[in-house]
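Colleague: what follows is a predicted protein model with its sequence.
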Amino acid sequence: MLHLADRLGQVERGGAGADLSLHLLLGLEGDVMPYTRQPALAFELLPLLYAWLPARRSDERIYMACRRIDGTLLHRQWARTLPLAMCGALLRAHAALAGEA
């Protein structure tokens, strides 16, 4: 999960390959959706007990973060687009829950 999150911070835009990887890593069912290209779809993948923080922009990059609602864990990501930043942050949150980070 962390490898994909790192990669999402490096690419110019999301795509079908990244969407499929994210879908498989999270064990999602049904059709693969354009998670890395549509913020509304990425928004829905945040783990339970997490909340999104406001996005920030710096030059051509966007910073997105999520935090456990108890305020303990913060996961963040810089990327070229909002959906990529969201997907990177939520993958870091899922990895923490799975004991990877």
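Modeller: That came through fine.
Colleague: next secondary structure after the host helix or strand of Ala65?
Modeller: Assigned by DSSP states H and E, Ala65 falls within strand 61-68. For strand 61-68, the succeeding helix or strand toward the C-terminus, using DSSP H and E, is strand 74-79.
Colleague: got the buried residues for that next one?
Modeller: 75-79 (16 or more other C-beta atoms under 10 Å). For glycine as for every other residue, the C-beta is placed from the backbone atoms N, C-alpha and C.
Colleague: got CSV for the residues you listed, with distance to Ala5 and pLDDT too?
Modeller: What follows is the buried residues of strand 74-79, written out as CSV (distance: C-beta to C-beta, whole Å; pLDDT from 0 to 100):
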residue, distance to Ala5, pLDDT
His75, 9, 94
Arg76, 10, 94
Gln77, 6, 96
Trp78, 11, 97
Ala79, 10, 97
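Colleague: identify the farthest-apart pair in those residues.
Modeller: Largest separation among the buried residues of strand 74-79 by C-beta to C-beta: His75 and Ala79, giving 13.1 Å.
Colleague: relative to strand 74-79, how tilted is the strand holding Ala65?
Modeller: Interaxial angle of strand 61-68 relative to strand 74-79 (axes from the mean of the first three to the mean of the last three C-alpha atoms, to 10 degrees): 160 degrees.
Colleague: low-confidence ranges in the chain?
Modeller: Residue ranges of the chain with pLDDT under 70: 100-101.
Colleague: contact partners for the residue most central in space within it?
Modeller: Taking C-alpha atoms, centre = their mean, the centroid of the chain lies closest to Cys87, which sits 1.7 Å from it. Neighbour list for Cys87: 5, 8, 14, 18, 22, 35-36, 42, 45, 77 [criterion: C-beta atoms under 8 Å, 6 or more residues apart in numbering].
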